[in-house]
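1. what's the 3D shape of this:
(chains A and B)
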Amino acid sequence: MAQQERIDWWAAAASRPRVVAQRRTAEPAPPEERAGREVYRSVQESDAFQEIRSGYRSFVFPASAGFLAWYLLFVAAQAFAPELMRQQVAGPLNLAWLLGLGQFASTFLLTWLYARNARTKRDRAALELRWDTQDQLR
Amino acid sequence: MTPHPSHGLAIALFAVVVAVTLTITVWVGRRGHAAEDFYAGGRDFSPLQNGFALSGDYLSAASFLGVTGLIALYGYDGVLYSIGFLVAWLVVLMLVSELVRNAGRYTLADVLALRMRQRPVRAAAGLASMVVTLMYLIAQMVGAGSLVALLLGTDSGAAKGWTIVAVGGLMIVYVTVGGMRATTWIQIVKAFLLVAGSLLLTGLVLARFHGDLGALMHAAAQHSGVGDAYLQPGLKYGASTTSRLDFVSLGLALVLGTAGLPHILSRFYTVPTARAARRSTMWAIGLIGCFYLMAIVLGLGAGAVVGAKAVKAANPAGNTAVPLLALDLGGGAGSTWGLLLFAVISAIAFATILAVVAGLTLASSAAFAHDLYARAWRRTEERQVSEREEVIAARISAVVIGGLAVVLSLFAQKLNVAFLVGLAFAVAASANLPTLLYSLFWKRFTTRGAVWSVYGGLVPAVLLVLFSPVVSGAKTSVLPGVDFHWFPLENPGLVSIPLGFLAGWLGTVLDRETADEDGFAELEVRALTGAGAA
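-> Numbers count the residues shown, from 1 in each chain, chains lettered A, B, ... in the order given. Predicted coordinates:
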């Protein structure tokens, strides 16, 4: 993945030698649990799952960054540029009110967009993969 | 404070609320006694039902009475609360709800335990969840005490104390007898009442101003005593750089806190699938968004019709603005309709408080019994706790937590309610959110990272509050006589939330263990597809 090509602080941890993690208990996992974990690994590496995951992340990450930035900008503008926010725009509404109502509107809009994205892009594929995986686990 | 002549009617309606909720509890609580029934209500609620229940859990007295009161008193600066409380739901919708539904069973720590060593992460996350819910609980109960006492027309300390004890007793009954199923139904009924009551009042306000919102804003500004400044930012948080930073800190805590609130997260386990979790969140966003839009109208309406002066005279924090507005809209203190509307709105406020404390107690007892008692405190070689024993422990812990909340609330009566809620949000955002997001999305996140991230957010958040002007050094402090504060902000979020994220990253980088990649594979596949989900 692209992450590993440049120097990445998130990945810096991986470069040092480590002991292998012990999961839940000190003893090795029982055979049926180990088999289950192999199923999850193989599903995770499958194209079908990668597609679902990238469909999810490519919408959610930019959208989250976007609405958080827009919200924090709005909060910061009120705190540090109140003069700007006091400007009258339309009727009794000044810029602060207009942007505030804009926050309501953008929240409703993003909710709708996210739901549409999930419904059309990944719901069906995720359900198919769910039954598939559970068959393998059985 | 003006004594209200409608006590008889209000008390009768309060009794109806108590009777209805207790009937629901006994009726619904008979069905099913397994852990899945107690913690997750059998997982068979519909998205619409859970959407109402989510709104019911979220819209506490702080929203119905606190936010509207702040808008009535401070105009535009009060509106920020409603925006932060709403925008926060986008984090829940997009990053948390579906994944948590699929990856966990009953609590936040379940999600972490899927890929981490169970005991340390459950101990950390269970403790943080209990701290958050307890703070939230105290806020609600302190609010209940002063509010109910005020609405009933008595302002004596004894009346407040007995109200707190009664609310505590009721919430223990709801949770121990009814579990999640009864708690959910109580939330649904309460959310329905709250939305209906708000709709009615909003309609009356709009009718009073002939549907002209501009005239409403203008009238509210005129009656505020500060003129146009009422409609501009800075009335409450504009005096100094410190207060502006405090404003940003609060804004950050509000938007990031919701996704870390244990009683909200546990709601997603009451629906059968991730898709149902998403749809219930969408219902909740719709309901909560509409509620806050109405809250703005109600706050402005209280400012315009009742007047900021009268609102402040009845309660300095503005907590009784909405009941006063109802009284005036119905025709005033002497009229039958005014008294009726006042009593109805007060009863809805009371139902709101009862429902929220029940949800909080349940989440707290789940964190104790499921995470701490049954798992974090057991070595693997010890005898494991059976499901039956765990549910019994959860019921007992609900009694203990309820009792503890009552005692703490009796001592905390002087604390400001809105502040306590803001603090609970800040702790949730600092301790719970970073570890949850890292667990869901960061492949290399390790057990040490998870533990550091929880404590690295929890400890600074609590310490910074202890050394803030909230506790000492200011006129409004808890301990006004002494001064040991050195942290200037009232809300710790601006510092403690980044610290939580930083600690999680550092803990992972400095961990000698690598992440459990199989565990992450299981978490990812389960979270996104639902394969193997409970």
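
2. packing partners of the helix or strand hosting B:Ala450?
-> Under the criterion of DSSP states H and E, B:Ala450 resides in helix B:447-466. Packed against helix B:447-466 by the contact rule (3 or more CB pairs under 8 Å, 6 or more residues apart in numbering or on different chains; DSSP states H and E) you find helix B:118-151, helix B:417-427, helix B:433-441, helix B:493-509. All C-beta spots, glycine's among them, are computed from the backbone N, C-alpha and C.

3. pull out the buried positions in stretch B:259-275.
-> B:259-275 (16 or more other CB atoms under 10 Å in any protein chain shown).

4. so which of the residues you listed also contact chain A?
-> Near chain A, judged by CB under 8 Å from any CB of the partner chain, the entries from the buried residues of stretch B:259-275 are B:Arg275.

5. related to what we said a few turns ago, which stretch in the helices and strands packed on helix B:447-466 has the least confidence?
-> Lowest mean pLDDT within the helices and strands packed on helix B:447-466: helix B:417-427, a mean of 80.

6. element containing B:Ala474, please.
-> Using DSSP H and E, B:Ala474 maps to neither a helix nor a strand.

7. contacts only, for it.
-> By CB atoms under 8 Å, 6 or more residues apart in numbering or on different chains, B:Ala474 lies in contact with B:480, B:485.

8. that one and B:Glu490, how far apart?
-> 9 Å (CB to CB, to the nearest Å).

9. now for B:Gly334, how many residues are close by?
-> The number of residues packed near B:Gly334 is 8, by other CB atoms under 10 Å in any protein chain shown.

10. next one: B:Leu213
-> Look at B:Leu213: counted by other CB under 10 Å, it has 16 neighbours.

11. could you list the low-pLDDT ranges of chain A?
-> Counting by pLDDT under 70, chain A has low-confidence residues at A:1-34.

12. strands of chain A, start to end?
-> Applying DSSP state E to chain A gives strands spanning A:88-90, A:93-94.

13. most packed of those strands?
-> strand A:93-94 (a mean of 19; mean count of other CB atoms under 10 Å in any protein chain shown).

14. which residues does that strand contact?
-> A:85-88, A:101, B:231-232.

15. how far does it sit from the chain's center?
-> 35 Å (CA atoms, centre = their mean, to the nearest Å).

16. mind listing what it pairs with, with the direction of each?
-> Strand A:93-94 has the following strand partners under DSSP bridges: strand A:88-90 (antiparallel).

17. and the gap between the residue nearest to B:Phe484 when sequence neighbours are not counted and B:Phe487?
-> Distances taken as CB to CB, 6 or more residues apart in numbering or on different chains place B:Ser472 nearest to B:Phe484, at 5.2 Å, with adjacent residues excluded. B:Ser472 is 11 Å from B:Phe487, where distance means CB to CB.

18. ok, B:Gly32 next?
-> Remark: distance between B:Gly32 and B:Phe487 (CB to CB) = 48 Å.

19. please apply the same query to B:Ala374.
-> 37 Å.

20. for B:Ile186, same thing?
-> Distance of B:Ile186 to B:Phe487, given as CB to CB: 39 Å.
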